[in-house]
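# Sequence and predicted structure are below.
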Amino acid sequence: MYRVDLKTKSLVALKPTGFSELSLRERFDIQEWIEKTPEILGEDLLVIGKEVILPSGKRLDLLCIDRQGRLAVVELKRDDSGSAVEWQAIKYASYCSKLLPDEIHRQYATYLGKTESEAEKSIEEFIDIDIAALNREQRIILAAREFNSEVLSAVLWLREYGLDIQCTRLAPYLDSDGELFIKPETIVPLPEAKDYIERKEFKQRTAAAGASDWTGYWFVNVGEGPHRTWDDNVRYGFLGAGQGKKYSSALLRLSVGDRVYAYMRGLGYVGFGEVTKPACMIRDFIVDDSNTFLLSAELKAARADENSDNEELSEWVVGVRWIKTFPKSQAKTFAGVFANQNVVCKLRHEQTLKFVETEFAQ
(Lines give C-alpha, C1' and ligand atoms only; values in the text may rest on other atoms or scores of the structure.)
Protein backbone atom coordinates (compact mmCIF):
# COMPACT_ATOMS: atom_id res chain seq x y z
CA MET A 1 0.00 0.00 0.00
CA TYR A 2 1.34 3.43 -0.92
CA ARG A 3 0.65 7.04 -0.04
CA VAL A 4 0.77 9.46 -2.98
CA ASP A 5 2.99 12.51 -2.54
CA LEU A 6 1.39 14.98 -4.93
CA LYS A 7 4.15 17.56 -4.59
CA THR A 8 7.02 15.25 -5.54
CA LYS A 9 4.82 13.04 -7.76
CA SER A 10 6.08 9.94 -6.01
CA LEU A 11 4.73 6.99 -4.06
CA VAL A 12 5.67 6.47 -0.43
CA ALA A 13 5.39 2.89 0.77
CA LEU A 14 3.34 2.32 3.92
CA LYS A 15 4.68 -0.21 6.38
CA PRO A 16 2.45 -3.24 7.03
CA THR A 17 2.07 -3.91 10.74
CA GLY A 18 -0.01 -5.92 13.17
CA PHE A 19 -2.61 -4.82 15.69
CA SER A 20 -0.84 -6.67 18.48
CA GLU A 21 2.42 -4.87 17.66
CA LEU A 22 0.56 -1.59 18.24
CA SER A 23 -1.00 -2.90 21.48
CA LEU A 24 -4.46 -2.57 19.95
CA ARG A 25 -7.17 -4.94 21.18
CA GLU A 26 -10.24 -6.53 19.60
CA ARG A 27 -12.74 -5.38 22.17
CA PHE A 28 -11.52 -1.91 23.07
CA ASP A 29 -10.12 -0.74 19.74
CA ILE A 30 -11.10 -2.64 16.57
CA GLN A 31 -14.63 -3.30 17.80
CA GLU A 32 -15.07 0.39 18.62
CA TRP A 33 -13.94 1.45 15.15
CA ILE A 34 -16.36 -0.90 13.41
CA GLU A 35 -19.23 0.03 15.73
CA LYS A 36 -18.82 3.70 14.78
CA THR A 37 -18.12 3.03 11.06
CA PRO A 38 -19.74 -0.29 10.06
CA GLU A 39 -19.35 0.66 6.36
CA ILE A 40 -15.75 -0.54 6.69
CA LEU A 41 -17.23 -4.02 6.24
CA GLY A 42 -18.32 -3.08 2.72
CA GLU A 43 -21.98 -2.09 3.05
CA ASP A 44 -24.59 -0.23 5.07
CA LEU A 45 -25.18 -2.00 8.38
CA LEU A 46 -27.22 -0.91 11.40
CA VAL A 47 -25.44 -1.90 14.61
CA ILE A 48 -28.05 -3.04 17.16
CA GLY A 49 -25.81 -4.58 19.80
CA LYS A 50 -22.24 -4.76 21.07
CA GLU A 51 -20.87 -7.45 23.36
CA VAL A 52 -24.28 -9.13 23.28
CA ILE A 53 -24.40 -11.74 26.04
CA LEU A 54 -25.95 -15.02 24.88
CA PRO A 55 -27.65 -17.61 27.14
CA SER A 56 -24.43 -19.64 27.05
CA GLY A 57 -22.58 -16.72 28.62
CA LYS A 58 -20.60 -16.13 25.43
CA ARG A 59 -20.30 -12.60 24.07
CA LEU A 60 -21.20 -11.79 20.48
CA ASP A 61 -18.91 -8.99 19.24
CA LEU A 62 -21.36 -7.00 17.13
CA LEU A 63 -24.94 -7.70 16.06
CA CYS A 64 -26.20 -5.81 13.01
CA ILE A 65 -29.08 -5.60 10.55
CA ASP A 66 -28.50 -5.20 6.80
CA ARG A 67 -30.73 -3.41 4.31
CA GLN A 68 -32.57 -6.66 3.54
CA GLY A 69 -33.60 -7.10 7.17
CA ARG A 70 -31.16 -9.94 7.82
CA LEU A 71 -29.39 -10.21 11.15
CA ALA A 72 -25.62 -10.08 10.63
CA VAL A 73 -23.37 -11.61 13.27
CA VAL A 74 -19.98 -9.86 13.17
CA GLU A 75 -17.10 -11.78 14.73
CA LEU A 76 -13.76 -10.02 15.11
CA LYS A 77 -10.24 -11.34 15.54
CA ARG A 78 -7.26 -9.09 16.07
CA ASP A 79 -4.50 -10.47 13.83
CA ASP A 80 -5.11 -14.09 12.88
CA SER A 81 -8.57 -15.55 12.60
CA GLY A 82 -7.52 -18.78 14.31
CA SER A 83 -8.72 -22.11 13.01
CA ALA A 84 -12.29 -22.21 14.38
CA VAL A 85 -13.70 -18.69 14.19
CA GLU A 86 -16.33 -19.76 11.66
CA TRP A 87 -17.69 -22.43 14.01
CA GLN A 88 -17.93 -19.91 16.83
CA ALA A 89 -19.86 -17.51 14.58
CA ILE A 90 -22.17 -20.27 13.36
CA LYS A 91 -23.21 -21.01 16.95
CA TYR A 92 -23.96 -17.32 17.50
CA ALA A 93 -25.95 -17.08 14.26
CA SER A 94 -27.91 -20.20 15.21
CA TYR A 95 -29.04 -18.50 18.40
CA CYS A 96 -29.89 -15.25 16.60
CA SER A 97 -31.96 -17.09 14.00
CA LYS A 98 -34.58 -17.73 16.69
CA LEU A 99 -34.96 -14.07 17.69
CA LEU A 100 -38.44 -12.68 17.07
CA PRO A 101 -38.97 -9.10 15.83
CA ASP A 102 -40.01 -7.83 19.28
CA GLU A 103 -36.86 -9.38 20.82
CA ILE A 104 -34.76 -7.59 18.19
CA HIS A 105 -36.53 -4.30 18.93
CA ARG A 106 -35.86 -4.84 22.63
CA GLN A 107 -32.20 -5.58 21.99
CA TYR A 108 -31.77 -2.44 19.89
CA ALA A 109 -33.69 -0.33 22.42
CA THR A 110 -31.30 -1.47 25.15
CA TYR A 111 -28.32 -0.65 22.94
CA LEU A 112 -29.70 2.80 22.08
CA GLY A 113 -31.01 3.59 25.52
CA LYS A 114 -34.41 4.40 24.00
CA THR A 115 -37.91 2.92 23.96
CA GLU A 116 -38.81 -0.19 21.97
CA SER A 117 -41.17 1.80 19.74
CA GLU A 118 -38.34 4.23 18.91
CA ALA A 119 -36.03 1.30 18.17
CA GLU A 120 -38.64 -0.34 15.93
CA LYS A 121 -39.13 2.90 14.01
CA SER A 122 -35.37 3.28 13.45
CA ILE A 123 -35.12 -0.28 12.13
CA GLU A 124 -38.14 0.20 9.87
CA GLU A 125 -36.62 3.36 8.40
CA PHE A 126 -33.30 1.59 7.78
CA ILE A 127 -34.39 -1.65 6.08
CA ASP A 128 -35.69 -1.92 2.51
CA ILE A 129 -38.27 -4.61 3.30
CA ASP A 130 -41.46 -4.84 5.32
CA ILE A 131 -40.51 -5.01 9.01
CA ALA A 132 -42.70 -8.11 9.37
CA ALA A 133 -40.03 -9.99 7.36
CA LEU A 134 -37.25 -9.00 9.78
CA ASN A 135 -34.74 -11.80 10.52
CA ARG A 136 -36.08 -14.35 8.05
CA GLU A 137 -32.46 -14.88 7.06
CA GLN A 138 -29.14 -14.49 8.87
CA ARG A 139 -25.56 -13.71 7.84
CA ILE A 140 -22.08 -14.01 9.27
CA ILE A 141 -19.27 -11.50 8.77
CA LEU A 142 -15.78 -12.46 9.92
CA ALA A 143 -13.16 -9.70 10.21
CA ALA A 144 -9.44 -10.12 10.93
CA ARG A 145 -6.04 -9.00 9.71
CA GLU A 146 -5.32 -12.45 8.27
CA PHE A 147 -7.40 -15.57 7.74
CA ASN A 148 -6.26 -19.10 8.47
CA SER A 149 -6.35 -21.25 5.32
CA GLU A 150 -8.59 -23.78 7.11
CA VAL A 151 -11.10 -21.02 7.86
CA LEU A 152 -11.17 -19.84 4.24
CA SER A 153 -11.66 -23.39 3.02
CA ALA A 154 -14.52 -23.92 5.47
CA VAL A 155 -16.15 -20.60 4.51
CA LEU A 156 -16.08 -21.42 0.80
CA TRP A 157 -17.55 -24.85 1.51
CA LEU A 158 -20.31 -23.42 3.72
CA ARG A 159 -21.23 -20.91 1.02
CA GLU A 160 -21.77 -23.75 -1.42
CA TYR A 161 -24.50 -24.99 0.92
CA GLY A 162 -26.25 -21.64 1.11
CA LEU A 163 -24.78 -20.09 4.27
CA ASP A 164 -24.22 -16.36 3.74
CA ILE A 165 -20.78 -15.92 5.29
CA GLN A 166 -18.22 -13.24 4.47
CA CYS A 167 -14.53 -12.72 5.23
CA THR A 168 -13.23 -9.14 5.40
CA ARG A 169 -9.55 -8.47 5.89
CA LEU A 170 -8.62 -5.38 7.91
CA ALA A 171 -4.97 -4.67 7.15
CA PRO A 172 -3.14 -2.01 9.25
CA TYR A 173 -0.35 0.14 7.82
CA LEU A 174 1.91 2.84 9.24
CA ASP A 175 3.31 5.80 7.33
CA SER A 176 6.65 7.50 7.99
CA ASP A 177 5.00 9.77 10.57
CA GLY A 178 3.57 6.86 12.53
CA GLU A 179 0.00 7.52 11.34
CA LEU A 180 -2.17 4.39 11.27
CA PHE A 181 -4.19 3.46 8.16
CA ILE A 182 -6.65 0.60 7.78
CA LYS A 183 -7.22 -1.06 4.42
CA PRO A 184 -10.52 -3.03 4.42
CA GLU A 185 -10.83 -5.76 1.81
CA THR A 186 -13.60 -8.32 1.47
CA ILE A 187 -11.92 -11.46 0.19
CA VAL A 188 -14.90 -13.87 0.30
CA PRO A 189 -16.88 -13.26 -1.78
CA LEU A 190 -14.81 -10.91 -3.92
CA PRO A 191 -16.94 -7.76 -4.48
CA GLU A 192 -16.08 -7.62 -8.20
CA ALA A 193 -17.29 -11.19 -8.66
CA LYS A 194 -20.06 -11.24 -6.04
CA ASP A 195 -22.92 -11.54 -8.54
CA TYR A 196 -21.11 -14.24 -10.52
CA ILE A 197 -20.20 -16.17 -7.36
CA GLU A 198 -23.76 -16.05 -6.02
CA ARG A 199 -25.12 -17.29 -9.34
CA LYS A 200 -22.54 -20.08 -9.46
CA GLU A 201 -23.34 -21.12 -5.90
CA PHE A 202 -27.05 -21.07 -6.75
CA LYS A 203 -26.50 -23.32 -9.77
CA GLN A 204 -24.34 -25.71 -7.73
CA ARG A 205 -26.97 -26.00 -5.02
CA THR A 206 -29.68 -26.48 -7.63
CA ALA A 207 -27.75 -29.26 -9.34
CA ALA A 208 -27.02 -30.96 -6.02
CA ALA A 209 -30.57 -30.74 -4.66
CA GLY A 210 -32.46 -31.13 -7.92
CA ALA A 211 -34.54 -28.05 -7.03
CA SER A 212 -34.22 -24.59 -5.56
CA ASP A 213 -36.23 -22.08 -3.60
CA TRP A 214 -35.37 -19.33 -6.10
CA THR A 215 -37.02 -19.41 -9.49
CA GLY A 216 -34.27 -17.42 -11.23
CA TYR A 217 -36.73 -14.58 -11.94
CA TRP A 218 -36.70 -11.13 -10.37
CA PHE A 219 -39.57 -9.09 -8.93
CA VAL A 220 -39.38 -5.35 -9.70
CA ASN A 221 -41.66 -2.67 -8.31
CA VAL A 222 -42.92 -0.15 -10.86
CA GLY A 223 -43.44 3.27 -9.33
CA GLU A 224 -45.96 5.76 -10.68
CA GLY A 225 -45.65 9.47 -10.07
CA PRO A 226 -43.93 12.64 -11.26
CA HIS A 227 -40.59 10.87 -11.74
CA ARG A 228 -41.66 7.73 -13.61
CA THR A 229 -44.69 6.11 -15.30
CA TRP A 230 -45.48 2.65 -16.58
CA ASP A 231 -46.41 4.04 -20.00
CA ASP A 232 -42.88 5.48 -20.35
CA ASN A 233 -41.37 2.18 -19.22
CA VAL A 234 -43.19 0.26 -21.94
CA ARG A 235 -42.72 2.78 -24.73
CA TYR A 236 -38.99 3.35 -24.23
CA GLY A 237 -37.88 -0.02 -22.83
CA PHE A 238 -36.68 0.54 -19.29
CA LEU A 239 -37.41 0.29 -15.57
CA GLY A 240 -36.44 3.02 -13.14
CA ALA A 241 -36.05 4.01 -9.51
CA GLY A 242 -34.47 6.94 -7.74
CA GLN A 243 -34.69 10.13 -5.70
CA GLY A 244 -32.49 8.41 -3.13
CA LYS A 245 -29.65 5.89 -3.20
CA LYS A 246 -31.73 3.58 -1.02
CA TYR A 247 -34.03 3.08 -4.02
CA SER A 248 -31.78 3.44 -7.06
CA SER A 249 -29.04 1.12 -5.75
CA ALA A 250 -31.49 -1.79 -5.85
CA LEU A 251 -31.33 -1.71 -9.66
CA LEU A 252 -27.63 -2.62 -9.46
CA ARG A 253 -28.72 -6.14 -8.51
CA LEU A 254 -29.98 -6.68 -12.05
CA SER A 255 -27.63 -7.91 -14.79
CA VAL A 256 -27.99 -8.13 -18.56
CA GLY A 257 -29.96 -11.27 -19.37
CA ASP A 258 -31.98 -11.35 -16.15
CA ARG A 259 -35.71 -12.02 -16.54
CA VAL A 260 -37.98 -9.66 -14.60
CA TYR A 261 -41.65 -9.43 -13.70
CA ALA A 262 -42.85 -5.85 -13.20
CA TYR A 263 -45.39 -5.24 -10.44
CA MET A 264 -47.52 -2.16 -9.70
CA ARG A 265 -48.34 -1.72 -6.03
CA GLY A 266 -51.97 -2.37 -5.21
CA LEU A 267 -52.76 -3.45 -8.79
CA GLY A 268 -50.76 -6.50 -9.85
CA TYR A 269 -48.23 -7.68 -12.42
CA VAL A 270 -48.05 -5.65 -15.62
CA GLY A 271 -44.93 -6.75 -17.51
CA PHE A 272 -42.43 -9.49 -18.25
CA GLY A 273 -39.11 -8.75 -19.89
CA GLU A 274 -35.37 -9.29 -20.14
CA VAL A 275 -32.72 -6.84 -18.95
CA THR A 276 -30.69 -5.52 -21.90
CA LYS A 277 -28.63 -2.75 -20.27
CA PRO A 278 -27.17 -2.44 -16.76
CA ALA A 279 -28.25 0.34 -14.40
CA CYS A 280 -27.12 3.88 -15.20
CA MET A 281 -28.18 7.45 -14.40
CA ILE A 282 -31.20 8.50 -16.45
CA ARG A 283 -29.25 11.27 -18.19
CA ASP A 284 -26.94 8.62 -19.70
CA PHE A 285 -29.59 6.17 -20.91
CA ILE A 286 -30.00 5.89 -24.69
CA VAL A 287 -33.24 4.59 -26.20
CA ASP A 288 -32.46 1.74 -28.59
CA ASP A 289 -35.01 2.43 -31.31
CA SER A 290 -34.21 6.13 -31.74
CA ASN A 291 -30.60 6.17 -30.52
CA THR A 292 -31.42 9.31 -28.53
CA PHE A 293 -31.12 10.11 -24.84
CA LEU A 294 -34.14 9.12 -22.78
CA LEU A 295 -34.49 12.59 -21.26
CA SER A 296 -34.91 13.95 -24.81
CA ALA A 297 -37.90 11.66 -25.42
CA GLU A 298 -41.53 12.63 -24.94
CA LEU A 299 -41.87 11.32 -21.41
CA LYS A 300 -45.16 11.42 -19.54
CA ALA A 301 -43.28 11.68 -16.24
CA ALA A 302 -43.15 15.44 -15.65
CA ARG A 303 -40.07 15.43 -13.41
CA ALA A 304 -38.01 12.54 -14.71
CA ASP A 305 -35.01 14.85 -15.04
CA GLU A 306 -35.11 16.04 -11.42
CA ASN A 307 -31.69 15.69 -9.75
CA SER A 308 -30.37 14.10 -12.95
CA ASP A 309 -26.84 15.46 -12.30
CA ASN A 310 -26.75 14.16 -8.73
CA GLU A 311 -25.56 10.56 -8.62
CA GLU A 312 -27.29 9.79 -5.31
CA LEU A 313 -30.63 11.50 -6.00
CA SER A 314 -31.00 10.97 -9.75
CA GLU A 315 -33.39 8.54 -11.34
CA TRP A 316 -31.52 5.39 -12.41
CA VAL A 317 -32.75 3.05 -15.13
CA VAL A 318 -32.06 -0.40 -16.58
CA GLY A 319 -32.82 -1.28 -20.19
CA VAL A 320 -35.55 -3.89 -20.68
CA ARG A 321 -36.75 -5.76 -23.75
CA TRP A 322 -40.41 -6.27 -22.95
CA ILE A 323 -41.67 -9.72 -23.87
CA LYS A 324 -45.27 -9.07 -22.82
CA THR A 325 -46.97 -6.15 -21.08
CA PHE A 326 -50.43 -5.07 -19.98
CA PRO A 327 -51.80 -1.59 -19.25
CA LYS A 328 -52.18 -1.00 -15.52
CA SER A 329 -55.95 -1.24 -15.86
CA GLN A 330 -55.42 -4.90 -16.81
CA ALA A 331 -52.81 -5.75 -14.15
CA LYS A 332 -52.78 -9.45 -13.25
CA THR A 333 -53.29 -10.55 -9.66
CA PHE A 334 -54.99 -13.03 -7.36
CA ALA A 335 -55.64 -13.41 -3.63
CA GLY A 336 -52.31 -14.21 -1.99
CA VAL A 337 -50.15 -12.99 -4.89
CA PHE A 338 -46.53 -12.22 -3.97
CA ALA A 339 -45.86 -8.51 -3.47
CA ASN A 340 -43.00 -6.72 -1.77
CA GLN A 341 -42.09 -3.11 -0.95
CA ASN A 342 -38.51 -3.62 -2.20
CA VAL A 343 -37.62 -2.09 -5.56
CA VAL A 344 -35.95 -5.37 -6.60
CA CYS A 345 -36.03 -8.80 -4.98
CA LYS A 346 -35.89 -12.46 -5.95
CA LEU A 347 -39.22 -14.03 -6.91
CA ARG A 348 -39.41 -17.18 -4.79
CA HIS A 349 -43.18 -17.65 -4.41
CA GLU A 350 -44.06 -20.79 -6.36
CA GLN A 351 -47.79 -20.07 -6.67
CA THR A 352 -47.13 -16.56 -7.99
CA LEU A 353 -44.56 -17.85 -10.47
CA LYS A 354 -47.04 -20.36 -11.91
CA PHE A 355 -49.63 -17.61 -12.15
CA VAL A 356 -47.43 -15.09 -13.99
CA GLU A 357 -46.00 -17.76 -16.29
CA THR A 358 -49.56 -18.50 -17.39
CA GLU A 359 -50.67 -14.87 -17.65
CA PHE A 360 -47.59 -13.77 -19.60
CA ALA A 361 -47.27 -16.85 -21.80
CA GLN A 362 -46.61 -16.10 -25.47
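Ah, there it is.
# ok, Thr186 to Leu41 distance?
Distance of Thr186 to Leu41, given as CB to CB, to the nearest Å: 8 Å. Quick note: C-beta positions are derived from backbone N, CA and C, even for glycine.
# cool, and Leu252?
On the measure of CB to CB, Leu252 and Leu41 end up 18 Å apart.
# Those two - which one has more neighbours?
Legend: neighbour count by other CB atoms under 10 Å for Leu252 and Leu41, higher for Leu41 (22 against 13).
# For that one, give me its contacts.
By CB atoms under 8 Å, 6 or more residues apart in numbering, the contact set of Leu41 is 34, 74, 141, 143, 166, 168, 184, 186.
# 6 Å - rerun?
The neighbours of Leu41, taking CB atoms under 6 Å, 6 or more residues apart in numbering as the test, are 141, 168.
# try Glu21
Per CB under 6 Å, 6+ apart, neighbours of Glu21: none.
# Between Thr186 and Leu41, which contacts overlap?
Common neighbours of Thr186 and Leu41, using CB under 6 Å, 6+ apart, are Thr168.
# Now the terminal residues of stretch 28-47, how far apart.
Using CA to CA, to the nearest Å, one end of stretch 28-47 lies 16 Å from the other.
# quick one: average confidence on that stretch?
Stretch 28-47 shows a mean pLDDT of 94.
# Distance from that stretch to the middle of the chain?
16 Å (CA atoms, centre = their mean, to the nearest Å).
# ok, now stretch 227-240?
Here the centre of stretch 227-240 is set off from its chain's centre by 25 Å, with CA atoms, centre = their mean.
# Glu43 looks like it's in a strand, true?
No. Assigned with DSSP: H, G, I helix; E, B strand; the rest coil, Glu43 falls outside any strand and is coil.
# if I look at it, how far off is Val188?
From Glu43 to Val188 the distance is 14 Å (CB to CB).
# more neighbours, those two?
Using other CB under 10 Å as the criterion, Glu43 and Val188 rank with Val188 on top: 18 against 15.
# buried stuff in whichever helix or strand Cys167 is part of?
In the assignment (DSSP states H and E), Cys167 maps to strand 165-174. The neighbour-count criterion (16 or more other CB atoms under 10 Å) identifies 165-173 as the buried residues of strand 165-174.
# how about the residue lying closest to Ile48 once chain neighbours are set aside, secondary structure?
On the basis of CB to CB, 6 or more residues apart in numbering, the spatially nearest residue to Ile48 that is not a chain neighbour turns out to be Tyr108, at 4.0 Å. With three-state DSSP as the basis, Tyr108 sits in helix.
# For Tyr108, the count of nearby residues, please.
If we define neighbours as other CB under 10 Å, then Tyr108 has 22 of them.
# Let me see the mean pLDDT of stretch 94-113.
95.
# List the buried residues of the longest strand belonging to the chain.
Counting by DSSP state E, the longest strand found in the chain is strand 268-281. Across strand 268-281, burial judged by 16+ other CB under 10 Å covers 268-273, 275, 277, 279-281.
# and if you look at stretch 251-264?
Neighbour counts over stretch 251-264 (16+ other CB under 10 Å) mark 251, 253-254, 258, 260-264 as buried.
# Next step: these restricted to strands.
260-264.
# Let me know the closest of those to Glu125.
Glu125 has its nearest neighbour among those in Tyr263, at 23.0 Å by CB to CB.
# Which strand residues bridge the closest one?
Counting by DSSP bridges, Tyr263 forms beta bridges with Asn221, Tyr269.
# Would you mind measuring from it to Ser81?
42 Å.
# For the buried residues of strand 165-174, give me TSV that also has distance to Phe360 and pLDDT.
Below are the buried residues of strand 165-174 laid out as TSV (distance: CB to CB, whole Å; pLDDT from 0 to 100):
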residue	distance to Phe360	pLDDT
Ile165	36	95
Gln166	36	95
Cys167	41	95
Thr168	41	95
Arg169	45	94
Leu170	47	95
Ala171	49	94
Pro172	54	94
Tyr173	54	94
